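K.L.:
Sequence below, structure please.
(one chain, ligands or ions: 1)
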Amino acid sequence: MNILVLNCGSSSLKFQLIDSESENVLAKGICERIGIDGRISYAPYNSDKETVFKDMPTHTEAIQYVLDALMNEKSGVIKSLKEVGAVGHRVVHGGEKFTSSVIIDEEVKAAIEECNDLAPLHNPANLLGINACQKLMPDVPMAAVFDTAFHQTMPPKAYMYGLPYEYYEKYRLRRYGFHGTSHSYVSKRAAQLLGKPYDELKTIVCHLGNGASLSAVKYGKCVDTSMGLTPLEGLIMGTRCGDIDPSIIEFIANKENMGISEVMTVLNKESGVYGMSKRLSSDFRDLWKAEEEGNRYAAIALETFCYNVSKYIGSYAAAMNGVDDIVFTAGVGENDFRVREGICGNIEYLGIKFDKEANKVRGEEAVISMPDSKVKLLVIPTNEELAIARETVALISGHSA
Ligand code: ADP
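P.N.:
Residues are numbered from 1 along each chain as shown. Here you go, the predicted model:
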């Protein structure tokens, strides 16, 4: 069965058509500048990428163009919509309501809308995508796969903030965590690669991309994660500040004569390794190049990033009373051997024997610890689209993924 996986943002929409039997990607692409002018890039598995400019006032037109591209006589990969068995939608925030993926119906849509306050930039866009798809493909079953769901197994001691309890009661203000589909996929894959039962391992997943988060997965369940109510908390990221003293917000507002939302823009978009490197770049490739050329701000940003991840790993080893394996994934985690070395060099005390040679991999599955290392280190490319496709198939066939 072919599954259309959709990831809708406010002005963009990423898509993949995946054959669930072979797990091959038949075609993928992105619609950008929805509501502005419109551009669709489409890449079938058997040919080059093509980019076309098309008017896309709303997500409905964007999805229509995606379907047209998939069925195009020349470069299409299917003949009719009958060949799309289901649609899997990535939904960012499921609040406390969704502890796993679900088949979308009216009640589910209403519950997703109730979570809009928790993710005002993302959930409304996800709903736009769902509604547009339902309009264009009314008979195709659809599933919602939540970024937060995997983390719903966290105990209160991991998700409660040290704030007045009524904020939790009134607003469900707590840690939720994100990148759950990736943390779930990668931790399960690690167990497979190690040949160990998933529910017997203590795994730390380091999802290090432009957005970055860690999770502690104990015996197959997430027990802690570094992102919080929003993706701003936790690690220093590409442009997000991660953990800071909350008083800094008032301090910057006063000194720079800014309002709260302006300060929040600084914390979300102008901080992280980008801000630390004096706005040089949020891309780790640029930062390493600058570091080699003697740029001390890039060097400090990179060193602080690695130190930060090391400290989180230490705290999650403490949280689980041990760790069996540590997995690196996402853009930086999969590709950046210097970052992995910088992180692992600081945590030998955990029983890690880092293999510098094996670590020189990029974008492929690998074990990067010595054979006698007590804690195994792995690189596993994440595949959120495949995970969403698997969840969708499992739901519509009535099994758990
Ligand atoms: P997101 O999905 O959060 O946007 P990704 O997981 O795609 O992010 O990661 C993107 C980041 O990965 C880039 O900003 C860059 O810093 C990093 N990256 C990608 N390729 C490399 C590489 N070869 N070496 C170092 N860093 C890389």
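K.L.:
Quick check: residue 215 vs the ligand, distance?
P.N.:
15 Å (CB to the nearest ligand atom, to the nearest Å). C-beta: built from backbone N, CA, C; applies to glycine.
K.L.:
for that residue, helix, strand, or coil?
P.N.:
Three-state assignment for residue 215 (DSSP: H, G, I helix; E, B strand; the rest coil): strand.
K.L.:
On the strand side of things, show who it bridges to.
P.N.:
residue 205, residue 225 (DSSP bridges).
K.L.:
dump the residue contacts of it.
P.N.:
150-151, 177, 179, 183, 187, 204-205, 207, 222, 224-226, 316 (CB atoms under 8 Å, 6 or more residues apart in numbering).
K.L.:
would JSON lines of the residues you listed with neighbour count be doable?
P.N.:
Listed next are these as JSON lines, based on neighbours: other CB atoms under 10 Å:
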{"residue": "150", "neighbour count": "28"}
{"residue": "151", "neighbour count": "29"}
{"residue": "177", "neighbour count": "28"}
{"residue": "179", "neighbour count": "29"}
{"residue": "183", "neighbour count": "29"}
{"residue": "187", "neighbour count": "25"}
{"residue": "204", "neighbour count": "30"}
{"residue": "205", "neighbour count": "31"}
{"residue": "207", "neighbour count": "29"}
{"residue": "222", "neighbour count": "23"}
{"residue": "224", "neighbour count": "23"}
{"residue": "225", "neighbour count": "30"}
{"residue": "226", "neighbour count": "26"}
{"residue": "316", "neighbour count": "25"}
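K.L.:
So residue 144 belongs to a strand, correct?
P.N.:
Yes - under three-state DSSP, residue 144 sits within a strand.
K.L.:
circling back to that earlier point, would you list the contacts of residue 215 in a markdown table and tack on distance to residue 85 and pLDDT?
P.N.:
Output for these, formatted as a markdown table (distance: CB to CB, whole Å; pLDDT from 0 to 100):
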| residue | distance to residue 85 | pLDDT |
| --- | --- | --- |
| 150 | 24 | 98 |
| 151 | 29 | 98 |
| 177 | 30 | 98 |
| 179 | 26 | 96 |
| 183 | 27 | 98 |
| 187 | 27 | 98 |
| 204 | 36 | 98 |
| 205 | 30 | 98 |
| 207 | 29 | 98 |
| 222 | 29 | 98 |
| 224 | 36 | 98 |
| 225 | 32 | 98 |
| 226 | 36 | 98 |
| 316 | 38 | 98 |
